[in-house]
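Chemist: here are the coordinates; sequence isn't available:
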């Protein structure tokens with residue numbers, strides 16, 4: 001079993017890259033908005049929504065880790081200056097590691113101007129209804145960037161299977177090929 005965690009700030013292409021990795025491997029994509037889009041219409045962006053989202057994700061992770069699947073790709077916005085995010089990543093990885101899975105970390109970074117363009121792309125808006133209010137989404141993207149550190153410092157992520165890719169000028173297909181080849185997926 002393989003667990004690929006693709007992380008980075010909003011609109012760097014985590015979901016789109018994950019979709020391309022899914023196409024060229026036996027792994028299934030579980031992007032972070034799958035639970036958000038399910039729950040937000042009922043609860044808004046409330047503490048209850050985030051609590052349920054995390055519970056759903058954890059149960060899905062456990063079910064996959066216990067299955068015969070080849071593995072999973074998961075996307076996540078990781079605030080490196082927040083200990084609770086480090087703890088969350090450790091907890092998720094432990095679910096898979098306890099079942100003998102190999103863990104792969106893929107960090108994406110993209111220039112701000114490109115992220116703002118990607119934030120309003122038709123593909124993103126098709127898969128993420130909560131981002132369709134582009135003015136709100138752009139303000140949230142900028143606010144989050146000011147409040148949190150959403151990319152790691154060099155040497156901060158201490159995983160053997162780790163790659164950091166600046167995909168500002170790369171297509172999702174190119175990035176997926178880099179990931180697949182690097183980790184032999």
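Modeler: Here it is on my side, so go on. Note that the structure is a prediction, hence the values are computed from the model and not measured.

Chemist: what's across from residue 30 in the sheet?
Modeler: residue 74 (DSSP bridges).

Chemist: Now do the helices in this structure.
Modeler: Using DSSP state H, the helices found in the chain span residues 14-24, 33-43, 47-65, 83-97, 112-118, 122-127, 134-147, 172-183.

Chemist: quick one, which of the ones you listed is packed in tightest?
Modeler: Across these, averaging neighbours per residue (mean count of other Cβ atoms under 10 Å) puts helix 14-24 on top, at a mean of 22. Any C-beta I mention is one placed from the backbone N, CA and C, and that applies to glycine too.

Chemist: residue contacts, residue 119?
Modeler: Neighbouring residues of residue 119 by Cβ atoms under 8 Å, 6 or more residues apart in numbering: 10, 11, 131, 134, 137, 138, 141.

Chemist: Which residue in these has the weakest pLDDT?
Modeler: Among the contacts of residue 119, residue 131 carries the lowest pLDDT, at 82.

Chemist: Which residue would you name as the spatial centre of this protein?
Modeler: Nearest residue to the geometric centre of the chain (Cα atoms, centre = their mean): residue 75, 1.6 Å.

Chemist: Distance of the nearest residue to residue 24 once chain neighbours are set aside relative to residue 27?
Modeler: Spatially, and ignoring its direct neighbours in sequence, residue 24 is nearest to residue 180 (5.5 Å; Cβ to Cβ, 6 or more residues apart in numbering). Noted for residue 180: a distance of 10 Å to residue 27, by Cβ to Cβ, to the nearest Å.

Chemist: Spit out the residues that contact the two alike.
Modeler: The contact sets of residue 180 and residue 27 overlap at residue 21 (Cβ under 8 Å, 6+ apart).

Chemist: can you put the helices of the chain in a markdown table and add distance to residue 156?
Modeler: A markdown table is the format used below for these (distance: least, Cβ to Cβ, whole Å):
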| stretch | distance to residue 156 |
| --- | --- |
| helix 14-24 | 18 |
| helix 33-43 | 25 |
| helix 47-65 | 23 |
| helix 83-97 | 10 |
| helix 112-118 | 21 |
| helix 122-127 | 27 |
| helix 134-147 | 18 |
| helix 172-183 | 19 |
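
Chemist: With that, I have no additional questions.
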